[in-house]
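Chemist: Sequence first, predicted coordinates after that:
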Amino acid sequence: MTSLWLDPAPIIETDGADSPRAFDEVVVGAGLTGLVTAVLLARAGRRVGVLEARTVGAVTTGNTTAKLSVLQGAHLQHVRRRTSERVLRAYVEANLAGQAWLRAYLAERGLPVQVRDAVSFAASPDGRSTVEREVEAARSAGLPVTTQLAEQLPFEVHAAVRLRDQAQFDPMDALAALAAEFRALGGVIRTGVRMTGARVGRPVRVRTTAGEFTAERLVIATGIPILDRGLYFAKLRGHRSYAAAYRTDAPLPQGMYLSVDSPTRSIRTAPEPDVAAGAPELLLVGGYGHEVGREPSPRSRVDGLEAWTQQVWPGARQTHRWSAQDYETPHGVPFVGWLPRGRGRVFVATGYDKWGMTNAVQCALTLAGDLLGELPEWARTLRHRVSRPAAIGAGIGMNAAVAKHYAVGWARAMTRPAPDATPEGGGAVGRATRPGGRVPLPTAVSTVDGVTCRVSGMCPHLGAVLAWNDAERTWDCPAHASRFTADGRLLEGPAKRGLRTR
């Protein structure tokens with residue numbers, strides 16, 4: 001399962017083990033937030049090192065739908081309801097700043113950008129009121145939205161809000177350009193280096209799988225912070241969503257569309273990478289998301305996306321399929337700035353709630369402003385927001401759900417024995433006593449490509465019982481959204497190590 005942007009990924013030069021280990025700033029995470037932050041700091045003459053556990057863009061940025069839009073489905077009304085009008089305006093201003101910076105950067109380097117209208121639409125009568133609230137929120141924040149129906153879509157639309165002149169692009173093109181500029185400025189990028197901890201002092205000592213790095217300040221831009229200081233794992237809710245690219249002979253809608261109904265459906269086009277294919281564009285369809293580790297069958301979501309696409313565009317031929325993980329904050333605004341208990345030397349950015357293209361850059365602008373002493377005014381407003389009861393209630397609900405999944409997961413795992421094997425593509429958790437052990441513990445068993453693996457069924461972060469993801473054949477944590485391969489290797493999340501073999 002590979003995204004359109006990563007097939008093939010552009011060649012991005014990185015640095016080897018003989019590169020420096022002492023910096024002014026270390027940035028952990030080589031996605032859009034991390035590399036924009038690194039470039040801004042390097043332009044200011046700072047010595048910067050970027051550490052990435054996998055490869056550049058391997059996680060969220062390389063698996064996005066890459067809509068560079070300030071109209072964000074029904075998100076603006078959520079920000080308004082959970083914070084204030086002042087915070088909503090600052091959030092929109094921040095996203096406009098992020099959008100403008102990235103569009104200018106891509107244009108300066110001659111990278112392709114398609115200018116498109118962004119449209120949020122209601123596919124059912126019940127969604128009409130949601131669209132109306134989004135129109136009101138957008139206009140109160142100063143966005144020049146209109147209420148034209150999405151006439152290009154080949155199905156009935158009951159209401160729509162449109163924002164003109166937004167953009168779509170290939171995010172890996174952007175990362176390749178950023179990485180090249182960063183290294184030309186003297187920056188260092190190390191891939192295959194996973195951060196495992198940090199000792200906050202002077203200097204900050206960053207522990208990794210490749211040894212120790214030192215810096216005056218540390219920036220964590222990893223989707224969810226891997227340090228538990230600040231308890232961000234308890235303030236975020238992880239979501240997975242799915243996307244696929246198709247070739248079709250049918251007319252394609254020339255806009256970026258997102259439904260406000262459930263299941264969410266995202267529609268856009270992308271340039272056809274194969275010039276011999278005969279058509280200039282591919283159809284991209286996404287959505288059908290769910291909370292990480294809490295969907296009984298993620299495969300059913302993927303199948304639902306495929307069935308709906310075939311219903312609307314009969315005969316569409318799938319070329320790529322992928323998924324991404326995003327994190328939601330209770331108030332709808334990213335967390336960005338100083339990490340609590342970081343002594344003013346550790347910084348973090350997280351919680352983009354599926355709108356990482358604009359939010360990643362605005363958070364990078366905020367981080368660079370913090371580190372260089374030039375914080376934008378909108379960033380000051382967002383930092384001093386007051387959460388309304390709706391946001392507080394959302395946060396309480398998040399943690400109540402976590403407690404429920406701890407209890408349910410352990411109860412289910414300990415009432416049944418772990419199987420010796422599972423059917424191909426399947427996974428199950430049950431109790432088993434490890435060799436030399438006395439107490440039975442949750443054990444996760446799966447069979448992928450004919451290979452049966454037995455690993456610990458507990459997330460090494462805080463011990464929640466894992467759930468099998470039958471779409472991606474991974475073990476997912478329903479508590480704080482860490483994910484692991486069938487044989488236990490760590491993919492993403494707040495966990496710092498993989499699963500022990502059983």
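Modeler: Perfect, I can see it now.
Chemist: Run through who's touching stretch 153-165.
Modeler: Here stretch 153-165 makes contact (CB atoms under 8 Å, 6 or more residues apart in numbering) with 69-71, 115, 117-125, 127-128, 131-132, 134-135, 138, 143-151, 250-251, 253, 255, 257, 267, 312-313. C-betas here are computed from N, CA, C, even on glycine.
Chemist: Now intersect those with the helices, please.
Modeler: Judged by DSSP state H, the contacts of stretch 153-165 include 128, 131-132, 134-135, 138, 312 as members of helices.
Chemist: Tell me which two of the residues you listed sit farthest apart.
Modeler: Ala138 and Val312 (26.7 Å; CB to CB).
Chemist: Same drill for those two, tell me which one is more crowded.
Modeler: For Ala138 versus Val312, the count of surrounding residues by other CB atoms under 10 Å is larger for Ala138: 23 against 17.
Chemist: show me what contacts the more buried one?
Modeler: By CB under 8 Å, 6+ apart, the residues touching Ala138 are 71, 76, 92, 145, 161, 163.
Chemist: Is the fifth one in a helix, a strand, or coil?
Modeler: Under the three-state scheme (DSSP: H, G, I helix; E, B strand; the rest coil), Val161 adopts strand.
Chemist: Neighbours of it, how many?
Modeler: Residue neighbour count, defined by other CB under 10 Å, stands at 30 for Val161.
Chemist: same thing with the fourth one?
Modeler: Using other CB under 10 Å, the number of residues around Val145 comes to 23.
Chemist: Pull the contacting residues for it.
Modeler: 71, 135, 138-139, 161-163.
Chemist: Tell me the one among these nearest to Pro494.
Modeler: Distances from Pro494 to those, taken by CB to CB, are shortest for Leu71, at 31.1 Å.
Chemist: how about that closest one, phi and psi?
Modeler: phi -80, psi 120 (degrees, to the nearest 10).
Chemist: what's the answer for Trp378, then?
Modeler: phi -60, psi -30.
Chemist: Pretty sure it sits against Leu88.
Modeler: No. The pair Trp378 and Leu88 fails to qualify as a contact (CB atoms under 8 Å) at a distance of 11.1 Å.
Chemist: what about these two, which has more around it?
Modeler: Comparing Trp378 with Leu88 by other CB under 10 Å, the one with more neighbours is Leu88, at 25 against 21.
Chemist: Now do the SS call for Asp326.
Modeler: strand.
Chemist: ok so, going back, any idea which of the contacts of Val145 is closest to Val465?
Modeler: Nearest to Val465 among the contacts of Val145 is Leu71, at 39.3 Å by CB to CB.
Chemist: can you pull the pLDDT of the closest one?
Modeler: Model confidence at Leu71, expressed as pLDDT, equals 98.
Chemist: burial count for it?
Modeler: Leu71 has 26 neighbours, counted by other CB under 10 Å.
Chemist: Format the contacts of Val145 as CSV; extra columns: distance to Pro10.
Modeler: CSV is the format used below for the contacts of Val145 (distance: CB to CB, whole Å):
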residue, distance to Pro10
Leu71, 29
Val135, 39
Ala138, 35
Arg139, 39
Val161, 35
Arg162, 33
Leu163, 30
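Chemist: And the next helix or strand past the strand or helix carrying Glu25?
Modeler: Using DSSP states H and E, Glu25 sits within strand 22-28. The first helix or strand that comes after strand 22-28 along the chain, using DSSP H and E, is helix 32-43.
Chemist: show me what contacts Thr422?
Modeler: Shown in contact with Thr422 (CB under 8 Å, 6+ apart): 428, 445-447, 452.
Chemist: Counting neighbours, which of the residues you listed comes out on top?
Modeler: Highest neighbour count within these: Ser446, with 28 neighbours (other CB under 10 Å).
Chemist: how near is the closest residue to that residue other than its chain neighbours to Thr447?
Modeler: Residue nearest to Ser446 in three dimensions, not counting chain neighbours: Gly427, with 3.7 Å by CB to CB, 6 or more residues apart in numbering. Distance, Gly427 to Thr447, using CB to CB, to the nearest Å: 8 Å.
Chemist: What pLDDT does the model give Gly436?
Modeler: Per-residue pLDDT puts Gly436 at 68.
Chemist: Is Val439 in contact with Thr433, as I believe?
Modeler: Yes. Taking contacts as CB under 8 Å, Val439 lies within contact range of Thr433: 7.1 Å.
Chemist: Tell me which of those two has more neighbours.
Modeler: Using other CB under 10 Å, the more surrounded residue of Val439 and Thr433 is Thr433, with 13 against 7.
Chemist: Now do the strands in the stretch 351-500 of the chain.
Modeler: 427-432, 441-448, 451-456, 467-469, 474-476, 483-485, 490-492 (DSSP state E, counting those that start in this stretch).
Chemist: what about those strands, which gets the closest to Ala215?
Modeler: Ala215 sits nearest to strand 490-492 of all the strands of the stretch 351-500 of the chain, at 22.9 Å, using CB to CB.
Chemist: got the contact list for that closest one?
Modeler: With contact meaning CB under 8 Å, 6+ apart, strand 490-492 is reached by 59, 194, 222-224, 325, 474, 481-485, 496-498.
Chemist: could you redo the last one with a cut-off of 10 Å?
Modeler: The list of residues contacting strand 490-492 from outside it, by CB atoms under 10 Å, 6 or more residues apart in numbering, reads 53-54, 58-60, 194, 222-224, 226, 238, 292, 325, 460-461, 472, 474-476, 481-485, 496-499.
Chemist: And the residues you listed, which of them are buried?
Modeler: For the contacts of strand 490-492, a burial check counting by 16 or more other CB atoms under 10 Å picks out 53-54, 58-60, 194, 222-224, 226, 238, 292, 325, 460-461, 472, 474-476, 481-485, 496, 498-499.
Chemist: For this protein, which helix or strand comes out least confident on mean pLDDT?
Modeler: The least trusted helix or strand in the chain, going by mean pLDDT, DSSP states H and E, turns out to be helix 389-414, with a mean of 83.
Chemist: now the angle from it to strand 441-448?
Modeler: Interaxial angle, helix 389-414 versus strand 441-448 (axes from the mean of the first three to the mean of the last three CA atoms, to 10 degrees): 90 degrees.
Chemist: Return the residues in contact with the residue lying closest to Pro273 once chain neighbours are set aside.
Modeler: With CB to CB, 6+ apart as the criterion, Pro273 has its nearest non-adjacent residue at 7.5 Å, and that residue is Leu4. Contacts for Leu4 (CB under 10 Å, 6+ apart) come out as 62-63, 65-66, 170, 172, 243-245, 270-271, 273, 282, 284, 319-322.
Chemist: Wait, a helix at Leu4?
Modeler: No. In this structure, Leu4 is coil, not part of a helix, as judged by three-state DSSP.
Chemist: any low-confidence regions in this protein?
Modeler: By pLDDT under 70, the weakly predicted segments of the chain are 275-278, 387, 391-392, 436.
Chemist: Please name the bridge partners of the residue nearest to the spatial centre of the chain.
Modeler: Nearest residue to the geometric centre of the chain (CA atoms, centre = their mean): Asp326, 3.3 Å. For Asp326, the beta-bridge assignment (DSSP bridges) gives partners His239.
Chemist: these two touch, right, it and Thr264?
Modeler: No. The pair Asp326 / Thr264 is not scored as a contact, 11.9 Å apart, by CB atoms under 10 Å.
Chemist: Now the common contact residues for those two.
Modeler: Shared contacts of Asp326 and Thr264, defined by CB under 10 Å, 6+ apart, are found at 241, 289, 354.
Chemist: Quick check, Ala215 in contact with Arg345.
Modeler: Yes. If you go by CB under 10 Å, Ala215 and Arg345 touch, sitting 8.4 Å apart.
Chemist: quick one, which of these two is more surrounded?
Modeler: Ala215 (24 against 18).
Chemist: Backbone dihedrals for that one, both of them.
Modeler: Dihedral pair for Ala215: phi -160, psi 160, per degrees, to the nearest 10.
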